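A.B. asks: What follows is a protein structure lacking sequence information:
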């Protein structure tokens, strides 16, 4: 999601000459080559990616009083050694807002802001966990999940959900007006804290707008600074008091920058078992089934329109060259059913079972997954499934992405592993022949397949354990009670 970077020019105080940004990695040029028309599978270079830049200029250290000890101490940067699980990263030294001590510690109204479906789910879980600590009054922007746990909504995410750079520009004025309205409401209600959930284009600007309001700000789900826009670190250091990340390497990155941060783990770790129990079982596999292939072209209409057809063509090649193959297409969004069934009708000789609403059952049963790059790839990694990643967007969006992308990889699985675990097919590389070539290798070469499964196990471990929402609530409560 790309909420526009709205905001007032008069509030931009940072001087360009004094900022450092990290150099881009090779990924931008690779993606550009894919967009320009490379028809072969791009074999990415392996090896650890450097996800953090050279150290930013150190801000002036400011004394902070410890409410527990009643004494002053100085904020210092803290670097945590690698290798820990998501829930085990320790508490770094305090990061203090430049304006001085913030008003915290009471259990008054809490403003919660998210602008997309995934944020709505996570925010609702965190609100519910915070209620067990005695916090009762929540208001903000969200969806049905937040409404169901008692959050008073000032705006529904349906009006805030913006996809792509071009769409974000169109929504600029509307979302800027919304930010002003929410700010006024936060001041009117004397909010005791603000929890910003993902949605960085909107939320970081909103944090800047609250600079003089003396309200502590917690940011839940880090912007992907390691992929693009690392210069956002300057705003985060200035306006965010506590950053809660989903991945361990993100928390370590912030700690090196002097930002107080904690890793809570990824929410899918606790959600997948619950969701799996609720999904209907799959139909029995046809007699003679030896291989199950999942087709997952994404949840958005634009993704399905670009990826489903080449996937089905590749499936036809697989069916022609391998015996006993079963194809499952779960369909993440029921509103796309007509579109999907229309496309399937073009391939009457292809035996594809359309099983909407059963994506986790499908992943659990699959031996191979053909999948759109996105959150679903983490679900596939959770089940340790070999996959072929695909990413295809409009030419303008891809051009803009190549200008700012800092990683060698698009797929989050490869980014977490810091090497190529699964082949990525980008833009014009997304062809039936390329998809089939990689799929056939996974199905035919046992060593290649088993090595990929072993790599997926490591990625799964990096997602953490336990319940991230409970971890988040514990850190938020501790921060609000122990800071001054």
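C.D. replies: Everything's here; your move. This one's a predicted model, so the numbers in the text were calculated from it and none came from an experiment.

A.B. asks: contacts and neighbour counts: CA atoms only from here.
C.D. replies: OK.

A.B. asks: Got phi/psi on the residue most central in space within the chain?
C.D. replies: Ranked by distance to the mean C-alpha position of the chain (Cα atoms, centre = their mean), the top residue is residue 375 at 6.8 Å. Note on residue 375: its backbone torsions stand at phi -60, psi -30 [degrees, to the nearest 10].

A.B. asks: Tell me who's in contact with it.
C.D. replies: By Cα atoms under 8 Å, 6 or more residues apart in numbering, the contact list for residue 375 reads residue 412.

A.B. asks: Report the buried residues of stretch 192-209.
C.D. replies: Neighbour counts using 16 or more other Cα atoms under 10 Å place 192-209 of stretch 192-209 among the buried residues.

A.B. asks: quick one: low-confidence parts of the stretch 1-150 of the chain?
C.D. replies: Applying pLDDT under 70 to the stretch 1-150 of the chain picks out residues 1-106.

A.B. asks: and residue 433, helix, strand or coil?
C.D. replies: Recorded secondary structure, residue 433: helix (DSSP: H, G, I helix; E, B strand; the rest coil).

A.B. asks: 745 is where my numbering starts, stick with that
C.D. replies: Sure, I'll start counting at 745 from here, so that last one is residue 1177.

A.B. asks: what's the pLDDT at it?
C.D. replies: For residue 1177, the model assigns a pLDDT of 97.

A.B. asks: quick revisit: could you measure from the residue nearest to the centre of the chain over to residue 949?
C.D. replies: Between residue 1119 and residue 949 the computed distance is 25 Å (Cα to Cα, to the nearest Å).

A.B. asks: How about residue 1118?
C.D. replies: Distance of residue 1118 to residue 949, given as Cα to Cα: 25 Å.

A.B. asks: Over to residue 1152?
C.D. replies: Distance of residue 1152 to residue 949, given as Cα to Cα: 28 Å.

A.B. asks: and if you look at residue 1173?
C.D. replies: Distance of residue 1173 to residue 949, computed by Cα to Cα: 36 Å.

A.B. asks: Kindly report the same for residue 928.
C.D. replies: 15 Å.

A.B. asks: and the biggest helix by length in the chain, how far out from the chain's middle?
C.D. replies: In the chain, assigned by DSSP state H, the helix with the most residues is helix 1045-1065. How far helix 1045-1065 lies from its chain's middle: 26 Å, per Cα atoms, centre = their mean, to the nearest Å.

A.B. asks: What lies in contact with it?
C.D. replies: So helix 1045-1065 is in contact with 1039, 1041-1042, 1069, 1071, 1080, 1084, 1087-1088, 1091, 1094, 1114, 1116, 1134, 1136-1137, 1174-1177, 1179-1180, 1183-1184, going by Cα under 8 Å, 6+ apart.

A.B. asks: Let's test this: mean pLDDT of stretch 1131-1140, rounded?
C.D. replies: On average, the pLDDT along stretch 1131-1140 is 85.

A.B. asks: got the end-to-end distance for it?
C.D. replies: Stretch 1131-1140 has an end-to-end distance of 27 Å (Cα to Cα).

A.B. asks: Give me the contact list for it.
C.D. replies: With contacts defined as Cα under 8 Å, 6+ apart, stretch 1131-1140 is touched by 779, 1046-1047, 1050-1051, 1112-1117, 1121, 1124, 1154-1155, 1166-1172, 1174, 1179, 1182-1183.

A.B. asks: buried stuff in it?
C.D. replies: Neighbour counts over stretch 1131-1140 (16+ other Cα under 10 Å) mark 1131, 1132, 1133, 1134, 1135, 1136, 1137 as buried.

A.B. asks: want to try CSV for those residues, with secondary structure as columns?
C.D. replies: Compiled in CSV, the buried residues of stretch 1131-1140 are given as follows (three-state DSSP):
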residue, secondary structure
1131, strand
1132, strand
1133, strand
1134, strand
1135, strand
1136, coil
1137, coil
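
A.B. asks: got the contact list for residue 1087?
C.D. replies: Listed by Cα under 8 Å, 6+ apart, the contact partners of residue 1087 are 1052, 1053.

A.B. asks: Could you tell me how far stretch 1044-1063 lies from the centre of the chain?
C.D. replies: Relative to its chain's centre, stretch 1044-1063 lies at 24 Å (Cα atoms, centre = their mean).

A.B. asks: List the buried residues for it?
C.D. replies: By 16+ other Cα under 10 Å, the buried positions in stretch 1044-1063 come out as 1047-1048, 1050-1063.

A.B. asks: Also stretch 917-934?
C.D. replies: Using 16+ other Cα under 10 Å as the test for burial, stretch 917-934 gives 919, 920, 922, 923, 926, 927, 929, 930.

A.B. asks: average pLDDT across stretch 998-1005?
C.D. replies: Across stretch 998-1005, pLDDT averages out at 95.

A.B. asks: What helices and strands are in contact with the helix or strand where residue 862 lies?
C.D. replies: Using DSSP states H and E, residue 862 maps to helix 861-875. When contacts are defined as 3 or more Cα pairs under 8 Å, 6 or more residues apart in numbering; DSSP states H and E, helix 861-875 sits against strand 882-886, helix 888-892, helix 1212-1226.

A.B. asks: strand partners of the first one, parallel vs antiparallel please.
C.D. replies: Right, the one you point to is strand 882-886. Here strand 882-886 is paired, per DSSP bridges, with strand 854-857 (parallel), strand 896-900 (parallel).

A.B. asks: angle of the last one against helix 861-875?
C.D. replies: Taking axes from the mean of the first three to the mean of the last three Cα atoms, to 10 degrees, one finds strand 896-900 and helix 861-875 inclined to each other by 170 degrees.

A.B. asks: Would you double-check that residue 940 falls in a strand?
C.D. replies: Yes: assessed with three-state DSSP, residue 940 lies in a strand.

A.B. asks: Can you give me the separation between it and residue 1058?
C.D. replies: For residue 940, the distance to residue 1058 (Cα to Cα) stands at 42 Å.

A.B. asks: again with residue 858
C.D. replies: In terms of Cα to Cα, residue 858 sits 38 Å off from residue 1058.
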